[in-house]
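Undergrad: fold the stuff below for me.
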Amino acid sequence: ATPPAMSATASSPPRPPAPRRCDAAGAVEVREMAEKDIPAVAALLTDAFAAPGYSALQRAIVRAETAAGLAERRGASLLLVAEREGAVVGSVEAFTPDFLSG
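TA: This next block holds a predicted model:
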C-alpha cells in the first residue's frame with residue numbers, strides 16, 4: 001500500500017502522516033522527531049558525519065552543537081525519526097520554504 005502523502009498549506013509547513021507501525025519483525029516506525037529524540041539523533045548524526053580521528057572531546061563538542069541545531073530547527077523544518085523497538089535508528093530532515101526563506 002502507498003503511504004498517505006504529506007500535506008501542507010501556504011501558511012504551514014508540511015506535516016508527516018500519523019506514525020505507522022508494521023507487524024513485520026525488525027520493522028521501524030517513522031514519526032516526527034520529539035524533543036526527547038534530540039540526544040539520540042545528535043549521536044547518530046555525529047557517528048555518521050564526524051571526521052575520522054576526532055578525540056572524545058571533539059566528538060562531544062560536535063554532538064552538543066548538533067543537538068543545539070536540531071532543537072533550534074525543530075518546528076521550522078520537518079524532522080523525522082525512524083524508531084525500532086524503542087530506539088531511534090535513523091533520521092531525516094526536510095527544509096521547508098519558511099525555513100529556507102530565513
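Undergrad: so what's the residue count around A48?
TA: Each residue near A48 was counted by other C-beta atoms under 10 Å, and the total is 9. C-beta coordinates here come from the backbone N, C-alpha and C atoms, glycine included.
Undergrad: list the contacts for L45?
TA: Neighbour list for L45: T66, S91 [criterion: C-beta atoms under 8 Å, 6 or more residues apart in numbering].
Undergrad: please redo it, this time with the cut-off set to 7 Å
TA: Taking C-beta atoms under 7 Å, 6 or more residues apart in numbering as the definition of contact, the neighbours of L45 are T66.
Undergrad: any idea which helix or strand comes after the helix or strand it falls within?
TA: Secondary-structure assignment from DSSP states H and E places L45 in helix 38-49. Remark: after helix 38-49, the chain's next helix or strand is helix 56-73, criterion DSSP H and E.
Undergrad: what comes up buried for that following helix?
TA: When neighbours are counted by 16 or more other C-beta atoms under 10 Å, the buried residues of helix 56-73 are found to be V62, R63, T66, A67, L70, R73.
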